[in-house]
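Colleague: Dropping a prediction and its sequence here:
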Number of protein chains: 2
Amino acid sequence: MIGRQEADSIERRSGVSLWRQIADRILQAIATGDFAENAALPPEVALAERYGVNRHTVRSAISALVQEGVLRAEQGRGTFVLSRKRLSYPIGARTRFSTGLQGQTSERHIVLLSSSVEPASQRVAEGLGLARATEVIRLETRGEADGRPVSRAAGWFDARRFAGIDKAMAETGSITASLARFGIDDYLRQSTVLSARHADAADLADLDLQPGAIVLVTVAVNITPDGRPIQFSESRFPAERVELKLSAL
Amino acid sequence: MIGRQEADSIERRSGVSLWRQIADRILQAIATGDFAENAALPPEVALAERYGVNRHTVRSAISALVQEGVLRAEQGRGTFVLSRKRLSYPIGARTRFSTGLQGQTSERHIVLLSSSVEPASQRVAEGLGLARATEVIRLETRGEADGRPVSRAAGWFDARRFAGIDKAMAETGSITASLARFGIDDYLRQSTVLSARHADAADLADLDLQPGAIVLVTVAVNITPDGRPIQFSESRFPAERVELKLSAL
DNA sequence: TATAGTTGTCTATATCAATAGACAAATTTA
DNA sequence: TAAATTTGTCTATTGATATAGACAACTATA
């Protein structure tokens, strides 16, 4: 078995600058444990050799990661990895924000950013099994763990059945608790469709990301145990901070 | 609700060139149906206006997508979207390659690229519940649908229990059929961990991608119905061609 | 057959990205 | 303290990226 040459994975003239590619590689190396947390990175000249680029190019990558708060550089000493393990966000029949991250973070909560009432779009109507343009309530939320944004979601609910869920959400800070007020003490994940793309400007702002970052996108439908759709949602997760763990159900 | 300004999502000095960002945006617009298949794209000057860049920059993006086979440009007429819907790859308790894509493609199969015997790495050993460095068989495969690569996977099996599975795989072209030869007529997905990253050089070659593309990565363990681990796998999917559908299990 | 609309090609210029080399500044080690 | 190691800063040069404008080539339409 031939070992994978590191330098091979750097692509020139790709529309993605070398320093951004190398920053990605370093993030990946940290995520996989190749570069240990709280330890020093190899010196710049060694990294330059390893990736087959100039030392200054490595410095550009490092300075971007220092900006992001991933690394700390100290003149004369070295460059150090700050601890930032990727959260493992569980997805399964009973996907819940808070319970899923238990044990991985000391603090976690959902912030309600805004709510509105709007006619259901094609896909929302389909997901909820409603007629097109039926009124739905839309909740825009951000999930945070240890002070860092880990998700950004939009959720849609039938406006007739869940009138006031925006208020409940604002008060409880929990989808589960809000649904409980409407007599729903259990719900299941019916379907989840997953994709990935580059972060757009909204993602960058909402999730505190740097340009070029990747977001995981899930589109999901939650149903009651007897099969009635209650929530349609689209969530975005920063790939550098979150991985999705699809649990056996 | 304020409409999302298109031009906002283009980031300058991000380490990702504008033409690559715009190419991504166009791919996304096609995926969401904003730009219909087989129809003409807006003219270059309109796109330049829409994204807030020079016409030549749009042309760079378009020419990259023409290279990728996503678009076809015709002088004097316009630039047209070729049909290439994203495959929806189901993941659930009974994840199987061929059955999952039924109906979406006219043709699909798995190619065995190589096989080898090696000592289990840390994570493979953990996944299969074996002692570190136990011998395992590794199968490198590529999934293809309608002649296009849609997945690239490595699978590990206990070498003692599954001696000869490489041969079975080469003959049958199916993991399910190969496992059947070892008396396993059913197996379940125990766990799946999902992440996303930029394609590296190996991905580009294996999956026929252009630099800057995104891959979805799953790391999974399959078990027998009575709970014994049989397969550890890491799969990579081109995000521009595949989405993962996490089915209710 | 004009005319308008579209993609294709060319020149020129400015900025960003990457390489190269030299040396300063800070820290650790011998 | 001296030497070695490492990050920080500076100058210079080259190639890729992005903008700007003009015009050619081709297509569809009035």
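Modeller: Yep, it's here.
Colleague: can we go C-alpha only for contacts and neighbour counts from here?
Modeller: OK.
Colleague: And the helices in chain A?
Modeller: Taking DSSP state H as the criterion, chain A carries its helices at A:18-31, A:44-51, A:55-68, A:97-100, A:122-128, A:165-172, A:175-180, A:201-207.
Colleague: between the ones you listed, which one is nearest to residue B:93?
Modeller: Smallest distance to residue B:93 across those (C-alpha to C-alpha): 19.6 Å, for helix A:97-100.
Colleague: Look up the closest residue to residue A:94, ignoring the ones flanking it.
Modeller: Nearest residue to residue A:94 in three dimensions, chain neighbours excluded: residue A:188, at 5.3 Å (C-alpha to C-alpha, 6 or more residues apart in numbering or on different chains).
Colleague: Contacts only, for the one you found.
Modeller: Counting by C-alpha atoms under 8 Å, 6 or more residues apart in numbering or on different chains, residue A:188 makes contact with A:93-95, A:222-225.
Colleague: Could you check how far the most far-flung residue of chain A relative to its centre is from chain B?
Modeller: Residue farthest from the centre of chain A, counting by C-alpha atoms, centre = their mean, is residue A:76 at 35.3 Å. Applying C-alpha to the nearest C-alpha, to the nearest Å, the value for residue A:76 to chain B is 28 Å.
Colleague: do residue A:232 as well
Modeller: Relative to chain B, residue A:232 is positioned 15 Å away (criterion: C-alpha to the nearest C-alpha).
Colleague: hang on, the earlier thing: comparing the helices of chain A by mean pLDDT, which bottoms out?
Modeller: Mean pLDDT is lowest for helix A:97-100 among the helices of chain A, at a mean of 66.
Colleague: returning to what we had before: with pLDDT and neighbour count added, can I get the contacts of residue A:188 in CSV?
Modeller: As requested, these are exported to CSV (pLDDT from 0 to 100; neighbours: other C-alpha atoms under 10 Å in any protein chain shown):
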residue, pLDDT, neighbour count
A:93, 71, 21
A:94, 70, 17
A:95, 69, 17
A:222, 92, 23
A:223, 91, 19
A:224, 91, 16
A:225, 86, 14
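Colleague: For DNA strand D, state which of the residues you listed is nearest.
Modeller: residue A:95 (39.7 Å; C-alpha to the nearest atom of the strand).
Colleague: list the contacts for the closest residue in space to residue A:153 that isn't next to it in sequence?
Modeller: Using C-alpha to C-alpha, 6+ apart and skipping the chain neighbours, the partner closest in space to residue A:153 is residue A:235 (4.0 Å). For residue A:235, the contacting residues are A:151-154, A:217-219, by C-alpha under 8 Å, 6+ apart.
Colleague: between the residues you listed, which has the most around it?
Modeller: residue A:151 (25 neighbours; other C-alpha atoms under 10 Å in any protein chain shown).
Colleague: how about the strands in chain A?
Modeller: A:71-74, A:78-81, A:87-91, A:108-119, A:135-145, A:148-158, A:188-198, A:214-223, A:229-238, A:242-247 (DSSP state E).
Colleague: Need the residues that contact the longest one.
Modeller: Right, strand A:108-119. Here strand A:108-119 has contacts from A:98, A:101, A:132-147, A:159, A:166, A:169-170, A:173-174, B:1, using C-alpha under 8 Å, 6+ apart.
Colleague: again, only this time at 7 Å
Modeller: A:98, A:133-146, A:166, A:169-170, A:173-174 (C-alpha atoms under 7 Å, 6 or more residues apart in numbering or on different chains).
Colleague: Next: the fifth one.
Modeller: Residues outside strand A:135-145 that contact it (C-alpha under 7 Å, 6+ apart) are A:105, A:107-120, A:149-159, A:166.
Colleague: now the angle from that strand to strand A:148-158?
Modeller: 160 degrees (axes from the mean of the first three to the mean of the last three C-alpha atoms, to 10 degrees).
Colleague: do the last one as well
Modeller: Direction vectors for strand A:242-247 and strand A:148-158, defined by the same axes, to 10 degrees, enclose an angle of 60 degrees.
Colleague: can you check the third one too?
Modeller: Relative orientation of strand A:87-91 and strand A:148-158, computed by the same axes, to 10 degrees: 20 degrees.
Colleague: What does the residue farthest from the centre of chain A show for phi and psi?
Modeller: phi 90, psi -20 (degrees, to the nearest 10).
Colleague: Against DNA strand C, how distant is it?
Modeller: 3 Å (C-alpha to the nearest atom of the strand, to the nearest Å).
Colleague: If anything else comes up later, I'll come back, but that's it for now.
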